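Student: structure of the sequence below:
(2 chains)
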Amino acid sequence: MTTDMYFALVLLPLAASVVAGLGGKRIGDAGAMAITIGGVVTSLLLSIWAFIDIAVLNGSSVEAELYTWISTGTLNLSFGVLIDKLTAVMLIVVTGVSAMVHIYSVGYMSHDPSRARFFSYLSLFTFMMLALITAPNMVQMFLGWEGVGLASYLLIGFWFKKESANLASMKAFIVTRVADVGLILAVLTTFAVFGTLSFSGIFPSLDTVAAKDYVFFGHSFPVLELIALFLLIGAMGKSAQFGFHTWLPDAMEGPTPVSALIHAATMVTAGVFLLARMSPLFEHAEAVLTLVAIVGAITAMFAASIGLVQRDIKRVIAYSTCSQLGYMFFACGISAYSAAIFHLMTHAFFKALLFLAAGSVIHAMSDEQDMFKMGGIRKYLPYTYPLMWIGSLALMGIPPFAGFFSKDFILEAAYATGGDMGLMLYIFGTAAALMTAFYSCRVMFLTFHGKPRASKEVMHHVHESPWVMVGPMMFLCVGAVLAGWLGHGMTDTHWWNGAIYIAEGHLLGSHEGLEEVHHIPLLAKFAPLVLVLFSSWVAYWVYIKRSDIPARFAKAVDPLYSWVMNKWYVDELYDLLFVRTARALGLMLWRRGDENTINRFGPDGMAYVTTRGSEALRRLQTGYIYHYAFILIVGVMALITWFIL
Amino acid sequence: MDLPLLSSLICVPLIGAAFLFTMRGDKETVDRNARQVALWTALFNLALAVVAWMSFDPSLGHMQMLESHPWIESFNINYNLGVDGISLPFVLLTALLTPICILVSWTSITKQVRAYMAAFLALEAFVIGVFCALDFVLFYVFWEAMLIPMFIIIGVWGGENRVYAAIKFFLYTFVGSVLMLIAMLYMYQASGGSFDIQHLATLNFAPEVQKWLWLALFAAFAVKVPMWPVHTWLPDAHVQAPTAGSVILAGILLKMGAYGFLRFSLPMLPEASAYFAPMVFALSVIAIIYTALVALMQTDIKKLIAYSSVSHMGFVTLGIFAGTVESIQGSIMQMVNHGVVAAALFMLVGVVYDRMHTRDIAKFGGIVNTMPVYALVFMLFTMASVGLPGTNNFVGEFLILLGSYKVAQMPTALACAGIVLGACYMLWLYKRMVFGEIKNAEVKVLTDMNLREKISFAPLIILALLLGLVPALMLDMSAKSVQAMVDNQKLKYQLEPAELALATQLKGVTK
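Tutor: As a prediction, this is how the structure comes out:
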């Protein structure tokens, strides 16, 4: 593949987005859809080509410059592409899911009056995501990073008449922006230390810098640990890790195809991609790696617990996404970046499938999202029903579906890492898997099984989605079934050809380590699967056989139930700590600071003294400009005279 | 070059302004002709500015297109003009914004149109004079002269509280100017009778003297920027000024203070600049965070954007006094960016103000339903103001942060808070004004932007994106001049020894 083709791969969605967005009126909705889908499908085909070139045929990585973006002083940044195996895998995920979501949206958004705008945003998102994953330097990556944030903001708030959607879009942008400060500080520190921001410039000097300290806010830190910490903060925001997770569930206000593409398969995985891309640096930062693992494990558990009790079908899947991202993080934390990217890939397929299937359900139920108002619709959705089961089984980690391979590998790697840390991660991960199985089954049972709980009116309209929606789901289903089989070679670090670096001492740094992962005790190997099956059975029992149990159980453990139901009260805490504080502070600085202090003792005070003090001076404040001009000239003359004479 | 380009840039608007007063006829004819004459004069001047840009050689670090004529020989005062890579961007920006201002006022100004247009042309002339002057007295004359048309614009065509705002504006700036005058006269004596700006920059004033001179100049420039705590004139001036007045105030006049730092404080008083830099950093960071928080709580759109200007200018002063090539380049870029973006934001306020005659945010809501083009343009400039990569503001802010981090780590890290707060107040503003259901019946009947309005926004939209994607257009212009300035001055900050050692070591590695 020539470099021009790589540029085309990245830029085509942008061009399509601009044409659809600005020319939407002229080319019509159909034209806008045709152009954007054409753009992203072409990108997909080019991505497959690139994947074959680089990942399958083991071609060497490609780095090419499109043009110099910012150049001044010692800084020289370019727009360009860097395609190695890591990027090649991401290309398939991003363009694959994006193309399917584009096509699906033709059906899903068919009643929407502003489809051109929707497709323009989708393609803009695709471009930004491509710019992010192909970035050869940290600043282009930041451009993509912020750009996907913009697209996410626009798409969450796509239905701009909905107050809740507007608030959710703002929240998503601002919460991730707080974390972006971490990324900015990482960029600044990297430039201060390395004098360059391109990956090919940074990585070779890592060993030289590794032992150095860097003073930040008067404290001395090992420099790479510091940079890694800043990067982690940035990654946590985008990937909705514990503490920064609050925006993701609210983001479900956006149209469902958006949730599938942005808030499940691609954008939220940018944080994991960042960790993998910067793996050479993280491998020099042991302390931060431990932190990455802890953050991931907590998120996996925490989000899964909330997923257990949500009523809104999309919110359950959102918390599930959050939880799965936690898995990817803790995989990175134990240096199993390859496993994290493997899980990222399988997750992209089955989670996008789940979301699109959920969208199909919502579509069928006349925009109802509350699972307690669904039930008994499996006969009416003959395609969506099995497709969603396959997605759920993949998510639960049932063999032979994709999720089994990747999730299992992560848990095994955690176990093989050993020590208290490894054991803790293994337990957290297994517990999260247990909960995942429960809520996945709960979604399926509540939605499709049992007696219908919707009104007659709604049930009358229940219908299977058109082929334009079912087709993409089937494509993703193929991924959800086969990605695990096809991709498990990725778990071997050598497969990555240097795109992912793992230090010698770490588990997957050597071939023996990989063997060790495959040969952990049988009990540890099968415990998660057994527990998953057990909790699925429990879900079956309480939601199908004895559907009175959940409500009674909730009542029995009410404080705990409320705690989980209210999402651990994190939103309320943040509202108190940040939102109210900032507003109170703003009001105080304005009223007390500007008006009552600066103005009072400054200009207003002066004016007051002047008017009160002197009758003569007051007469001068006539408002006539020539008076003031006159005073000005007299003043200047007087001063000049005084100084010169 | 035979044609004195810079003098032409100053004279053309003045001639146009004078011509306006020769027009005779009934009010309607005079008004109509005045608009046309003013617009074409400004456009002609813009063309001249482009010629100046074309004939400017960016590979030279020193002053170009020099003009020198004796003016008051007994005091060695000369009419010296010239531009370098630091002043040329502002000359271009002024020449661009003036015709836009005239277009913006096309229908909204109906009282004394002729005088209004004349005031704008005169303002353009004086401001270009400020940026081109190479003689301190000439600079001072333009600096003060520029106050008069601005004062008139606010005081005559302003809002209901215009007189208060005009006088506050005048009071603040005048106090500062007097101190600058004293500094100027001291320098004249100390240098043995020279007002030549280039000559003064080569002198070494004693460090103690530098400090006093620096403070005197700082008083004048800080008010203009404006820096915290002398910023309170700005919200009032903006709120009361007519739309075009706000555009020129935010777009050009705020840049004069920062330009003063670059032309006087840094090159002439390097030791004092280094000495006072920590104070400037502190004030900048306070400005960035304090005014961003205040902006968050504003109910008046114009006040919100005015406060955001103070916050954005905080980045500029931080970058200037950090004194690295990257940070100063970033500051110059950021000044131009702010000139584009804040000007556009004030114009956006003007568009709805012309239709609804209110600036109360609560009165709006749901504008997107009736004005989709307006919503799109507003979104673009909101994102530019937030500093989204791909827009011009990102490049400026990023370079400032990158350059300042090395010498002023803590202020730079704190300044990052401004990036978050900026997103908060802008997105909240956008949500309250543009998104949502229509609540006010007046919003329901709004008409979208007309052709004149679209044309007036077009150049700013192009600039916001072009400078974001191809910042070389701007950076290359000023690169050599900034490099020369940084090389020349003795603005040396102590790098941490460890850091320095690390840097040298790394150089060996990467090469």
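Student: hmm, residue A:186 is touching residue A:230, no?
Tutor: Yes. When contacts are counted by Cβ atoms under 8 Å, residue A:186 is listed as touching residue A:230 (3.6 Å). In this view, the C-beta of every residue, glycine as well, is placed from N, C-alpha and C.
Student: which one's more surrounded, the two?
Tutor: Set side by side, residue A:186 and residue A:230 show more neighbours around residue A:186, with 25 against 22, by other Cβ atoms under 10 Å in any protein chain shown.
Student: who's in contact with that one?
Tutor: Taking Cβ atoms under 8 Å, 6 or more residues apart in numbering or on different chains, we find residue A:186 in contact with A:138, A:227, A:230, A:231, A:234.
Student: can you list those in CSV and add secondary structure?
Tutor: Shown next, in CSV, are these (DSSP: H, G, I helix; E, B strand; the rest coil):
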residue, secondary structure
A:138, helix
A:227, helix
A:230, helix
A:231, helix
A:234, helix
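Student: select only the buried ones of those residues in PyMOL?
Tutor: This is the PyMOL syntax for the buried subset of the contacts of residue A:186, where burial follows 16 or more other Cβ atoms under 10 Å in any protein chain shown:
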select buried, chain A and resi 138+227+230+231+234
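Student: near chain B, list only the ones from the contacts of residue A:186.
Tutor: With Cβ under 8 Å from any Cβ of the partner chain as the criterion, the subset of these in contact with chain B is empty.
Student: among the contacts of residue A:186, find me the one that's closest to chain B.
Tutor: Comparing the contacts of residue A:186 against chain B with Cβ to the nearest Cβ picks out residue A:230 as the nearest, at 10.2 Å.
Student: pull out the buried positions in the longest helix anywhere in chain A.
Tutor: Of all the elements of type helix in chain A, the one with the most residues (DSSP state H) is helix A:163-194. Within helix A:163-194, the residues that count as buried by 16+ other Cβ under 10 Å are A:165-194.
Student: ok, stretch A:199-212 next?
Tutor: Taking 16+ other Cβ under 10 Å as the criterion, stretch A:199-212 shows A:199, A:201, A:202, A:203, A:205, A:206, A:209, A:212 as buried.
Student: name the nearest residue to residue A:574, ignoring sequence neighbours.
Tutor: Ranked by Cβ to Cβ, 6 or more residues apart in numbering or on different chains and with sequence neighbours excluded, the top spatial neighbour of residue A:574 is residue A:246, at 6.4 Å.
Student: was I right about the one you found contacting residue A:174?
Tutor: No. In terms of Cβ under 8 Å, residue A:246 does not count as a neighbour of residue A:174; the distance is 10.5 Å.
Student: so where do the helices sit in the stretch 251-400 of chain B?
Tutor: With DSSP state H, counting those that start in this stretch applied, the stretch 251-400 of chain B shows helices at B:254-260, B:266-268, B:270-296, B:301-322, B:325-356, B:367-370, B:372-386, B:392-405, listed in chain order.
Student: chain center to stretch B:462-476, what's the gap?
Tutor: The chain centroid and the centroid of stretch B:462-476 are separated by 17 Å under Cα atoms, centre = their mean, to the nearest Å.
Student: could you give the mean pLDDT of that stretch?
Tutor: Averaged across stretch B:462-476, pLDDT comes to 92.
Student: give the buried residues for that stretch.
Tutor: Of the residues in stretch B:462-476, those buried by neighbour count under the rule 16+ other Cβ under 10 Å are B:463, B:464, B:467, B:468, B:469, B:470, B:471, B:472, B:474, B:475.
Student: can you tell me which of these are in helices?
Tutor: Secondary structure of these is defined by DSSP H; positions in helices are B:463, B:464, B:467, B:468, B:469, B:472, B:474, B:475.
Student: mind checking which helix or strand whichever residue of the stretch 301-450 of chain A sits closest to chain B is in?
Tutor: Among residues of the stretch 301-450 of chain A, the one nearest chain B by Cβ to the nearest Cβ turns out to be residue A:367. It sits 18.2 Å away. Here residue A:367, judged by DSSP states H and E, is contained in no helix and no strand.
Student: gap between it and residue A:374?
Tutor: Shown here: residue A:367 relative to residue A:374, a distance of 12 Å by Cβ to Cβ, to the nearest Å.
Student: and the two? Which one has more around it.
Tutor: Here residue A:367 and residue A:374 are set side by side on neighbour count (other Cβ under 10 Å), and the busier one is residue A:374, at 26 against 8.
Student: show the contacting residues for that one.
Tutor: Residues near residue A:374 by Cβ under 8 Å, 6+ apart: A:313, A:361, A:365, A:368, A:446, A:447, A:448, A:452, A:453, A:454.
Student: pull the most distant pair out of those residues.
Tutor: A:313 and A:452 (15.4 Å; Cβ to Cβ).
Student: can you put the ones in helices among the buried residues of stretch B:462-476 in JSON lines and add distance to chain A?
Tutor: Below are those laid out as JSON lines (distance: Cβ to the nearest Cβ, whole Å):
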{"residue": "B:463", "distance to chain A": "16"}
{"residue": "B:464", "distance to chain A": "14"}
{"residue": "B:467", "distance to chain A": "11"}
{"residue": "B:468", "distance to chain A": "10"}
{"residue": "B:469", "distance to chain A": "7"}
{"residue": "B:472", "distance to chain A": "7"}
{"residue": "B:474", "distance to chain A": "10"}
{"residue": "B:475", "distance to chain A": "5"}
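Student: need these in JSON lines (columns: distance to residue A:111).
Tutor: Rendered in JSON lines, the data for those read as follows (distance: Cβ to Cβ, whole Å):
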{"residue": "B:463", "distance to residue A:111": "39"}
{"residue": "B:464", "distance to residue A:111": "35"}
{"residue": "B:467", "distance to residue A:111": "40"}
{"residue": "B:468", "distance to residue A:111": "36"}
{"residue": "B:469", "distance to residue A:111": "36"}
{"residue": "B:472", "distance to residue A:111": "46"}
{"residue": "B:474", "distance to residue A:111": "46"}
{"residue": "B:475", "distance to residue A:111": "48"}
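Student: perfect, that will be all.
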